[in-house]
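> Quick one, what's the 3D model for this:
(one chain, ligands or ions: 1)
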Amino acid sequence: MRLINTITDRVTRSVNWLITSGCKQVYDEDANRKIIVINLFAMVGMSITFALGISAMIDNDRVLGIVLLSSSALFGLCKALLLHSKVLYNHVLAPFILVVSLAGLMLYLVITGGVANTGPLWIYVLPPVAMFFAGVVYGVITVAVFITLCSYILFAADGWFVVAHYTTEFKLRLLYSFATVTFLSAFYEHSRQTSFNIVKDLSDKFEKQAQQDILTRLPNRRGIQQFIEFESARARRQKKPLTLILCDIDRFKRVNDQYGHDGGDVVLKHVSDLFKASIREQDGVARWGGEEFLFVLPDTEESNAVVLAEKVRETLATSLVELQQEKVVITASFGVAQIDFEQGLDKALTLADKALYKAKEKGRNKVLSASSLARL
Ligand SMILES: Nc1nc2c(ncn2[C@@H]2O[C@H](COP(=O)(O)OP(=O)(O)OP(=O)(O)O)[C@@H](O)[C@H]2O)c(=O)[nH]1
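Here you go, the predicted model:
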């Protein structure tokens with residue numbers, strides 16, 4: 001049983017690796033989905049053309065055999081390109097080779113008729129594949145070039161170029177039906193792309209909303225998380241300091257009790273606007289909880305963060321907020337802690353929280369740093 005599980009697990013992982021090679025996190029979902037289809041198409045195309053090529057060779061049809069085996073090799077090349085993530089633009093190069101080799105193979109089948117004149121039946125594969133891999137514009141251009149070449153080969157060059165014999169009705173209907181399939185494929189791909197873009201825009205909008213606090217327009221806890229992780233990684237890599245300031249509005253419950261929830265919201269907006277205006281472009285500030293805010297200050301030592309917190313504290317305390325025709329003084333307390341990368345982010349947050357608690361304890365409207373706690 002364990003052996004079967006191990007084998008199933010290995011097979012699943014190998015198949016997964018084979019069909020997802022070339023996918024990258026930096027590409028959007030649609031691009032990665034295309035890469036998976038390219039992988040599948042290249043593998044299926046490589047296998048089928050290889051089998052047909054060997055069969056043609058056995059039947060002594062050397063030219064068809066060589067063409068099919070060459071196509072198989074080109075499909076294999078697409079797969080190999082996707083396996084090598086270091087090849088630049090491999091996700092563009094692979095579908096290009098795939099579409100061009102497919103078009104070449106289809107032209108060959110039209111010219112020679114393939115097996116018993118059934119070759120042209122395969123050309124309907126080209127429009128949906130070209131549209132999907134190259135997009136509507138390049139797909140239509142590719143298919144237009146293909147139809148032009150086909151028309152020339154079937155009509156103008158007839159007699160010396162086309163090896164297979166087709167009736168004029170067959171040739172005309174082949175081109176009409178091919179043009180119809182092309183139109184339908186372009187229409188389908190355009191609708192698919194449009195629907196994808198609408199869904200993506202909506203999903204981006206919802207994602208943004210989920211990361212932003214509606215009242216203050218500041219990032220919320222979830223929204224600042226990515227920024228903290230990114231800046232932590234950068235600070236650790238570049239051996240630069242990164243400091244956090246946790247801030248809590250003083251006696252906010254009283255504001256709510258006295259001026260109502262709407263009055264409290266006005267204060268939250270006032271404080272947020274003031275915080276946003278106080279930081280540098282590279283800094284981040286978020287609404288961490290109800291009346292709690294978190295500043296993330298890259299390339300800043302704890303002592304410098306204390307200076308900034310002092311400045312913000314003083315500006316807030318001196319900028320009065322108008323609530324029900326009254327000018328109200330709003331103050332806040334601040335806890336500052338530099339991240340020690342040996343101890344991690346959570347430890348710095350705990351220290352900042354402790355410093356903030358101490359600042360409240362010492363009478364509020366104060367700034368305290370984590371390192372000053374030891375001296376208290
Ligand atoms: N208006 C408003 N109030 C909120 C919001 N989120 C949290 N609050 C209120 O904020 C208040 C926080 O009160 P406490 O945690 O007791 O703290 P405090 O009154 O600020 O006292 P200290 O922190 O000790 O100075 C609570 O009454 C919450 O209901 C919000 O979005 N809008």
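> need the strands for the stretch 1-150 of the chain, in chain order.
Along the stretch 1-150 of the chain, counting by DSSP state E, counting those that start in this stretch, no stretch forms strands.
> got it, and the stretch 201-350 of the chain?
Using DSSP E, counting those that start in this stretch, strands in the stretch 201-350 of the chain cover 242-249, 284-287, 292-298, 321-323, 326-328, 332-338.
> any idea of the angle the last one forms with strand 292-298?
Going by axes from the mean of the first three to the mean of the last three Cα atoms, to 10 degrees, strand 332-338 is angled at 40 degrees with respect to strand 292-298.
> how close does Gly264 sit to the ligand?
Gly264 sits 2 Å away from the ligand, taking Cβ to the nearest ligand atom, to the nearest Å as the criterion. Using the backbone N, CA and C atoms, a C-beta is placed for each residue, glycine as well.
> So which residues on this structure come close to the ligand?
Within the chain, the positions near the ligand by Cβ under 6 Å from any ligand atom are 215, 248-253, 256, 261, 264-265, 268, 290-291, 360, 364.
> Just those residues: which are in helices?
Residues from those lying in helices, with DSSP state H as the criterion: Phe252, Lys253, Asn256, His261, Gly264, Asp265, Leu268, Lys360.
> Now restrict these to buried residues only.
Phe252, Asn256, Gly264, Leu268, Lys360 (16 or more other Cβ atoms under 10 Å).
> most tightly surrounded among the strands of the stretch 201-350 of the chain?
Looking across those with neighbours counted as mean count of other Cβ atoms under 10 Å, the highest average goes to strand 332-338: a mean of 27.
> Partner strands of that strand and their direction?
With DSSP bridges as the test, strand 332-338 is paired with strand 242-249 (antiparallel), strand 367-369 (parallel).
> closest to Val136 out of the ones you listed?
Proximity to Val136 (Cβ to Cβ) singles out strand 242-249 among the strands paired with strand 332-338, at 46.3 Å.
> what's the domain layout of this protein?
Using automatic domain parsing, the domains assigned to the chain come out as 2-208, 221-373.
> Can you lay out the ones in helices among the residues of the chain next to the ligand as a markdown table showing distance to Leu373 and pLDDT?
Formatted as a markdown table, those follow (distance: Cβ to Cβ, whole Å; pLDDT from 0 to 100):
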| residue | distance to Leu373 | pLDDT |
| --- | --- | --- |
| Phe252 | 24 | 96 |
| Lys253 | 26 | 96 |
| Asn256 | 30 | 96 |
| His261 | 34 | 95 |
| Gly264 | 30 | 97 |
| Asp265 | 33 | 97 |
| Leu268 | 28 | 98 |
| Lys360 | 13 | 96 |
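> Kindly present these as TSV, with separate columns for distance to Gly113.
Output for those, formatted as TSV (distance: Cβ to Cβ, whole Å):
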residue	distance to Gly113
Phe252	83
Lys253	86
Asn256	84
His261	80
Gly264	81
Asp265	77
Leu268	77
Lys360	88
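> Please list all residues in contact with the spatially most central residue of the chain.
Centrality entry for the chain: nearest residue to the mean C-alpha point is Asp28, 3.7 Å, by Cα atoms, centre = their mean. Asp28 makes contact with Lys200, according to Cβ atoms under 8 Å, 6 or more residues apart in numbering.
> Can you give me the neighbour number for Asp59?
Using other Cβ atoms under 10 Å, Asp59 has 11 neighbouring residues.
> For stretch 115-123, buried residues please.
In stretch 115-123, counting by 16+ other Cβ under 10 Å, buried: Gly119, Pro120, Ile123.
> does the residue of the stretch 51-200 of the chain found nearest the ligand sit in a helix or strand, and which one?
At 31.0 Å from the ligand, Lys200 is the closest residue in the stretch 51-200 of the chain, using Cβ to the nearest ligand atom. Using DSSP states H and E, Lys200 falls within helix 168-210.
> how about the helices in the stretch 51-200 of the chain?
62-83, 90-112, 126-151, 168-210 (DSSP state H, counting those that start in this stretch).
> For these, give me TSV that also has distance to Ser319.
Output for the helices of the stretch 51-200 of the chain, formatted as TSV (distance: least, Cβ to Cβ, whole Å):
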stretch	distance to Ser319
helix 62-83	58
helix 90-112	53
helix 126-151	53
helix 168-210	29
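> With mean pLDDT, mean neighbour count and distance to Asp273 added, can I get those in CSV?
Listed next are the helices of the stretch 51-200 of the chain as CSV, based on pLDDT from 0 to 100; neighbours: other Cβ atoms under 10 Å; distance: least, Cβ to Cβ, whole Å:
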stretch, mean pLDDT, mean neighbour count, distance to Asp273
helix 62-83, 89, 19, 49
helix 90-112, 87, 20, 44
helix 126-151, 93, 20, 44
helix 168-210, 94, 13, 20
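> so which of those gets nearest Ile38?
helix 90-112 (5.4 Å).
> got the angle for the closest one vs helix 126-151?
50 degrees.
> now the angle between helix 62-83 and helix 90-112, please.
170 degrees.
> which other helices and strands contact helix 90-112?
Other helices and strands packing on helix 90-112, by 3 or more Cβ pairs under 8 Å, 6 or more residues apart in numbering; DSSP states H and E, are helix 29-58, helix 62-83, helix 126-151.
> So what angle separates the directions of it and helix 29-58?
Helix 90-112 runs at 40 degrees relative to helix 29-58, counting by the same axes, to 10 degrees.
> between helix 90-112 and helix 168-210, how many degrees?
170 degrees.
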